[in-house]
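> heads up, no residue letters with this:
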């Protein structure tokens, strides 16, 4: 549970993609350690590709992803899995698996062929179940749970892995708004309590601006702009990244910027002429 | 809402009860294997008292029992036991790794590949001995590679792999049938063995390759058992948990094919044992424990019980073990196909 704060993850001149086509083009990014970084961008801007490359699921074509100066694609995968965790967009729960058993899988990188289940393993699992408030569900089957509960269970598994860096690919997709907030609050708890560096892709710009310390906007496989949400979420950014007219207000509940999209319809006359 | 001061209960009672139940289930399966093994030795067309069987096993000469038990029943029981282990464990490994109960080696062509190779070696080239097992293993790996290559397009999708496998399997099956029917010394026993699997005429000399296969490939699987469990969560999650995907998959496939093919080279492709053992084990054991050992035990139970049924319970006719297990497996196959069609899911 001791967080070695300050594992530094950097992306240098990264090009990657599937098949023939590159989706990322010489992308540079530095992830601030111990903070929450949120990646946003339009469809096909390379968000998921970036996350997959940063978590070594996809090999770069050019450039590299460095963890403390060492290429993650050359680090043994088990060793890497003790520092860098990932929650994929649609993980698969085997039919009938119980919550407790799923969360225990998170200890995989800490175990060897012959090692028995240790006190540390047990403590990590219990703490992960507690932190995500699924202790009471431990003996339930994962397939019976609601979407929000299931996502908390998957996060619990990633927590049991006890990595200092955690990547999440759209952790709030398919969740009701209350569960979206619940999951994002949980990630803030985790960041504050353990100093875990969190990097996630989010679809919702307003939630991204509210929960990010560091907001990264991608466009066409490059970082369009990155920084504090106040500097990143501007009408210009929304226009350049999404091709959308918008107004930016200050969210009265969080003090963070908040984007109101402007379409062709349902616009009041006095606003319609702006920008 | 902090994560620090949570009480840590190292042994939640519910979990303990569940694990105890799982251990008990495995113990009962083990006991059943022993009972069926004993039954095969003791009771055939005539009854041999267990005391006489024990004396034969200890190497003493017992009038009347030595031949019956030592030459006829013991090799049969040993081959069924070993082949059952191999088919059960090898089968569940494929089903787990490909996350689909239909992806068992007897459906996707690996067993038929090994069988066709063995028939070719034995009947066309008149070769016997370890070389048959070795070639069967190589053929099994070759079929696995062929099915993989034919099914791979932007990644291997489960359903495509299974359909390709069924096609390859049918092709290999017809090769086996062709070799058998054009063989000069046509013999029904032999044909049945290579088409559905049989232990008629089993010899104790056939046991060592199977023991070796279980030791080597079983050992390899033992080192991969946790990776295999992690692979059930999908490739992405498994990689995130530190499973070296390519290396792990190769080791698992080689081990599983090695077991299946070695067993096939001796007993023929005993129908559906691979296919049935995993799902039965999963039903009985439930979540959280490796299915390798339970599936192996169930494989042995199916083989021993299937053979005993075919030999003595359906008199006056006698059927080879593969006919019985085939009759058991076919309805389950239909059920799975209907269920998949209805739900549109793969597992």
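Sure thing, it's come through. Because the structure is a prediction, the values reported are computed rather than measured. Residues are numbered from 1 along each chain as shown, chains lettered A, B, ... in the order given.
> give me the number of residues near residue 202?
Using chain A. When neighbours are defined as other CB atoms under 10 Å in any protein chain shown, residue A:202 has 25 of them. Where you see a C-beta, it was placed from the backbone N, CA and C, and this is true even at glycine.
> try chain B instead
Residues near residue B:202, counting by other CB under 10 Å: 23.
> nearest spatial neighbour of residue B:124, chain-adjacent residues omitted?
Distances taken as CB to CB, 6 or more residues apart in numbering or on different chains put residue B:179 closest to residue B:124, at 6.2 Å, once the chain neighbours are dropped.
> confirm that that neighbour sits in a strand.
No - under DSSP: H, G, I helix; E, B strand; the rest coil, residue B:179 falls outside any strand and is assigned helix.
> next one, pLDDT for it please.
You'll see residue B:179 listed with a pLDDT of 87.
> so it touches residue B:117, yeah?
No - applying CB atoms under 8 Å, one finds residue B:179 not in contact with residue B:117, separated by 10.4 Å.
> neighbour-wise, which of the two wins?
residue B:117 (27 against 17).
> which stretch of helix or strand covers the more buried one?
helix B:110-119 (DSSP states H and E).
> just give me how far that helix sits from the chain centre.
14 Å (CA atoms, centre = their mean, to the nearest Å).
> show me what that helix is packed against.
helix B:130-151, helix B:158-181, helix B:188-196, helix B:245-267 (3 or more CB pairs under 8 Å, 6 or more residues apart in numbering or on different chains; DSSP states H and E).
> hey, least reliable of those helices by pLDDT?
For the helices and strands packed on helix B:110-119, where the average pLDDT is lowest is helix B:188-196, sitting at a mean of 76.
> which strands or helices does that helix pack on?
So helix B:188-196, by 3+ CB pairs under 8 Å, 6+ apart, packs with helix B:110-119, helix B:158-181, helix B:321-343.
> quick check: which of those is buried the most?
helix B:110-119 (a mean of 30; mean count of other CB atoms under 10 Å in any protein chain shown).
> now do it: everything it contacts.
B:94, B:105-106, B:132, B:135-140, B:142-144, B:147, B:168-169, B:172-173, B:175-176, B:179-180, B:194, B:257, B:260-261, B:264-265, B:268-269, B:274 (CB atoms under 8 Å, 6 or more residues apart in numbering or on different chains).
> which among the residues you listed end up buried?
B:94, B:105-106, B:132, B:135-140, B:143-144, B:147, B:168-169, B:172-173, B:175-176, B:179-180, B:194, B:257, B:260-261, B:264-265, B:268-269, B:274 (16 or more other CB atoms under 10 Å in any protein chain shown).
> and the pLDDT at the closest residue to chain A within the stretch 101-250 of chain B?
Of all residues in the stretch 101-250 of chain B, the one sitting closest to chain A is residue B:242 (3.0 Å; CB to the nearest CB). Per-residue confidence (pLDDT) for residue B:242: 92.
> try residue A:50
Looking at residue A:50, the pLDDT reads 94.
> which helix is the longest one in the chain?
Just so you know, I chose chain A. helix A:177-194 (DSSP state H).
> correction: the question concerned chain B.
helix B:13-42.
> how about it and chain A, touching?
Yes - counting by CB under 8 Å from any CB of the partner chain, chain A is contacted by helix B:13-42 at B:14-15, B:18.
> helices or strands next to that helix in the packing?
Using 3+ CB pairs under 8 Å, 6+ apart: helix B:13-42 touches helix B:50-57, helix B:74-97, helix B:273-285, helix B:292-308.
> what about the last one, distance to the chain center?
What it means is helix B:292-308. Using CA atoms, centre = their mean, the offset of helix B:292-308 from its chain centre is 8 Å.
> same question, the shortest one
The chain centroid and the centroid of helix B:50-57 are separated by 29 Å, computed with CA atoms, centre = their mean.
> what's the angle between that helix and helix B:13-42?
80 degrees (axes from the mean of the first three to the mean of the last three CA atoms, to 10 degrees).
> closest point of the stretch 51-200 of chain B to chain A, which residue?
residue B:99 (7.0 Å).
> thinking again about what came up before, closest one to residue A:241 among the helices and strands packed on helix B:13-42?
helix B:74-97 (40.7 Å; CB to CB).
> what does the average pLDDT come to for that closest one?
Helix B:74-97 comes out at a mean pLDDT of 93.
> helices of the stretch 151-275 of chain A, start to end?
A:177-194, A:205-211, A:229-232, A:235-242, A:269-272 (DSSP state H, counting those that start in this stretch).
> which residue is nearest the centroid of chain B?
Taking CA atoms, centre = their mean, the centroid of chain B lies closest to residue B:87, which sits 0.9 Å from it.
> look up how far residue A:236 lies from the closest residue to that one other than its chain neighbours.
Nearest non-adjacent residue to residue B:87, counting by CB to CB, 6+ apart: residue B:273, 4.0 Å away. Computed as CB to CB, to the nearest Å, the residue B:273 to residue A:236 distance reads 66 Å.
> okay, those two: which has more neighbours?
residue B:273 (37 against 12).
> let me see the mean pLDDT of stretch A:216-229.
94.
> next, count neighbours for the nearest residue to residue B:183 once chain neighbours are set aside.
Closest residue in space to residue B:183, ignoring its immediate chain neighbours: residue B:123 at 4.7 Å, by CB to CB, 6+ apart. For residue B:123, the neighbour count with other CB under 10 Å is 21.
> list the contacts of the residue of chain A found nearest chain B.
Nearest residue of chain A to chain B (CB to the nearest CB) works out as residue A:81 at 3.0 Å. Counting by CB under 8 Å, 6+ apart, residue A:81 makes contact with A:108-109, A:161, A:163, B:240-242.
> give me the phi and psi for it.
phi -70, psi -10 (degrees, to the nearest 10).
> try residue A:10
phi -130, psi 150.
> and the helix holding residue B:117 with helix B:245-267, angle?
50 degrees.
> just the mean pLDDT for helix B:110-119, thanks.
In the prediction, helix B:110-119 has an average pLDDT of 90.
> quick one: that helix to helix B:74-97, angle?
140 degrees.
> in a helix, the residue nearest to residue B:183, correct?
Yes - under three-state DSSP, residue B:123 sits within a helix.
> list the residues that contact it.
B:179-180, B:183, B:190.
> find the nearest non-adjacent residue to residue B:93, please.
Closest to residue B:93 by CB to CB, 6+ apart is residue B:256, at 4.1 Å.
> ignore what I typed, I meant residue A:178.
That would be residue A:148: by CB to CB, 6+ apart, it lies 7.5 Å from residue A:178.
> sec struct for that neighbour, please.
Residue A:148 ends up helix, using three-state DSSP.
> that one: how many residues sit nearby?
Counted with other CB under 10 Å, residue A:148 comes out at 18.
> how close does it sit to residue A:187?
In terms of CB to CB, residue A:148 sits 14 Å off from residue A:187.
> and if you look at residue B:326?
Counting by CB to CB, the gap from residue B:326 to residue A:187 is 53 Å.
> ok, residue A:100 next?
Counting by CB to CB - residue A:100 and residue A:187 are separated by 22 Å.
> who has more neighbours, the two?
Comparing residue A:100 with residue A:187 by other CB under 10 Å, the one with more neighbours is residue A:100, at 25 against 19.
> in three-state terms, label that one for me.
helix.
> wait, doesn't it sit right on residue B:16?
No - in this structure, residue A:100 is not within contact of residue B:16 by CB under 8 Å, at 11.4 Å.
> low-confidence ranges, the stretch 151-275 of chain A, go.
Scanning the stretch 151-275 of chain A for pLDDT under 70 picks out the ranges A:269-275.
> interface residues of it facing chain B?
A:158, A:161, A:189-190, A:193-194.
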